[in-house]
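Student: Mind folding the following:
(2 chains)
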Number of protein chains: 2
Amino acid sequence: MHKTVSVELEKDVLAANRELAEENNALLKKHNIKSFDVMGAIGSGKTLLIEKMIDKLKEKRLRVAAIAGDVAGHDDYDRFVSHGIIGENISTGKECHLDAHLVQHAIEKLPLDNIDVLFVENVGNLVCPVDFPVGTDERMVVISVTEGDDMVRKHPMMFAFTDIVVINKVDLSSAMEVDPEILARDVKKVNPKARIIFTDARRSKGLGELMAAMGFKE
Amino acid sequence: MHKTVSVELEKDVLAANRELAEENNALLKKHNIKSFDVMGAIGSGKTLLIEKMIDKLKEKRLRVAAIAGDVAGHDDYDRFVSHGIIGENISTGKECHLDAHLVQHAIEKLPLDNIDVLFVENVGNLVCPVDFPVGTDERMVVISVTEGDDMVRKHPMMFAFTDIVVINKVDLSSAMEVDPEILARDVKKVNPKARIIFTDARRSKGLGELMAAMGFKE
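Tutor: Take a look at the predicted model:
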């Protein structure tokens, strides 16, 4: 009995989220904002990668904004706005993912007419965000070779429902004894259409390829 | 209205989980099994650290078992049983944490009279397992310097409710430009009683200290 109630509630919640996500996307599109939901485990390098993309997009005179989602604190928000862009912070409290409702409130606070590109950095883990699209044009998952070569196999759903997969910290592949090609192969198995990019964000490697995969010309 | 229902359901679920966790602990104690719930983000090194502890415990002629929890697959289970110990695998499907009920079913399958130490490896993330004790004597969180020096601040609850914190991969501190002492200091702020151990599991450093923190004499 209990089980039935909770399954029905879950369906309700997911359907309501999808509806709000569509509203968010329509609003962003109306303002010609290209938007990306950036997901990935803690320590995969999401924040640094977004920071690097912010700088590259600014060089192209594009106006960038970023919404930072975390369980607690505002470390990532502080890092984003230090690049001179507009930011919003979302603390989820106990929730392990953002949802379209939280993101809608953050979007409402942004000056949408003055933004060309929006990053939404999701809460760091590879499980919870899967079922909760927030309304961006594209979803991107950042993984790191330091997480081991079994991590795609362990989280197939996360990779099945994403557009871009960034395999980061490839400079540490040999130190970690992890072959990035194994990760890429496992991604292709569950998602043949995914655009897969190898990066070393700290040393700014692979960023041009990532820009192209995101639809920005060099 | 919707919100109220879901909050009440959540309370029910947490209370039911706590009850089952107490049952699990009573059963394990009755069989003189010392038990540890090992939590931590993906890539923190939980599995390798447990493997190293298995070997050290086997040297002391202690009989070890391990329950491997993951969203999908059985990579960690395979690694555990390759050390000649008894194992059980739990695939949670979409859930981002183990719970006392799942662990109870795994425990039921174990030959409890022939086990001295039980590891339960939780699903890899620093958010979901907090509220779901599974019934072990102690909870251990493994973190890695590769996750950045802000990761304790970002997940205060996880560190507030744990007994042992392992800061792993300290060999990579300088390459990652992360000071392990900052992580330790942040842990102490939310949990002054936590036993904090620095390890480099790959090179078997700090394992003696961890054995002692877990209550095993060298």
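Student: On the strand side of things, show who the residue nearest the centre of chain A bridges to.
Tutor: Per Cα atoms, centre = their mean, the C-alpha nearest to the average position across chain A is that of residue A:38, at 0.7 Å. For residue A:38, the beta-bridge partners are residue A:121, residue A:140 (DSSP bridges).
Student: Quick check, pLDDT for it.
Tutor: Looking at residue A:38, its pLDDT reads 98.
Student: now do residue A:3
Tutor: Per the predicted model, pLDDT is 51 at residue A:3.
Student: So which bits of chain A are right by chain B?
Tutor: A:2, A:5-6, A:9, A:12-13, A:41-43, A:70-73, A:75, A:94-96, A:123-128, A:130-131, A:144, A:146-148, A:150-151, A:153-157, A:169, A:172, A:175 (Cβ under 8 Å from any Cβ of the partner chain). The way it works is simple: take the backbone N, C-alpha and C, and place the C-beta from them, glycine included.
Student: Now list the buried members of those residues.
Tutor: A:6, A:13, A:41-43, A:70-71, A:73, A:75, A:95-96, A:123-128, A:130-131, A:144, A:146-148, A:150-151, A:153-157, A:169, A:172 (16 or more other Cβ atoms under 10 Å in any protein chain shown).
Student: Helices - which of those residues land there?
Tutor: Of those, the ones assigned to helices by DSSP state H are A:6, A:13, A:75, A:151, A:153-154, A:156-157.
Student: May I see these organised as a markdown table, with distance to residue A:210 and pLDDT added?
Tutor: Converted to a markdown table, these look like this (distance: Cβ to Cβ, whole Å; pLDDT from 0 to 100):
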| residue | distance to residue A:210 | pLDDT |
| --- | --- | --- |
| A:6 | 39 | 62 |
| A:13 | 33 | 88 |
| A:75 | 23 | 94 |
| A:151 | 20 | 91 |
| A:153 | 24 | 93 |
| A:154 | 24 | 91 |
| A:156 | 23 | 93 |
| A:157 | 23 | 93 |
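Student: Now the two most distant members of those residues.
Tutor: Greatest spatial distance in those: A:6 and A:75, 33.7 Å, computed using Cβ to Cβ.
Student: in chain A, which spans are strands?
Tutor: A:34-40, A:64-70, A:86-91, A:117-121, A:138-144, A:164-168, A:195-198 (DSSP state E).
Student: Given the second one, what are its sheet partners and their directions?
Tutor: Taking DSSP bridges as the criterion, strand A:64-70 sits next to strand A:86-91 (parallel), strand A:117-121 (parallel) in its sheet.
Student: now for those, which one comes closest to residue B:138?
Tutor: Of all the strands paired with strand A:64-70, strand A:86-91 comes closest under Cβ to Cβ, at 29.1 Å.
Student: what about the closest one, distance to the chain center?
Tutor: 14 Å (Cα atoms, centre = their mean, to the nearest Å).
Student: who's in contact with that strand?
Tutor: Residues from elsewhere that reach strand A:86-91 (Cβ atoms under 8 Å, 6 or more residues apart in numbering or on different chains): A:64-74, A:76-77, A:80-81, A:98, A:102-103, A:106, A:109-111, A:114-115.
Student: now do 6 Å
Tutor: A:65-69, A:72, A:74, A:77, A:80-81, A:102, A:106, A:109 (Cβ atoms under 6 Å, 6 or more residues apart in numbering or on different chains).
Student: got JSON lines for those residues, with pLDDT too?
Tutor: Shown next, in JSON lines, are the contacts of strand A:86-91 (pLDDT from 0 to 100):
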{"residue": "A:65", "pLDDT": "98"}
{"residue": "A:66", "pLDDT": "98"}
{"residue": "A:67", "pLDDT": "98"}
{"residue": "A:68", "pLDDT": "97"}
{"residue": "A:69", "pLDDT": "96"}
{"residue": "A:72", "pLDDT": "92"}
{"residue": "A:74", "pLDDT": "94"}
{"residue": "A:77", "pLDDT": "97"}
{"residue": "A:80", "pLDDT": "97"}
{"residue": "A:81", "pLDDT": "96"}
{"residue": "A:102", "pLDDT": "97"}
{"residue": "A:106", "pLDDT": "97"}
{"residue": "A:109", "pLDDT": "96"}
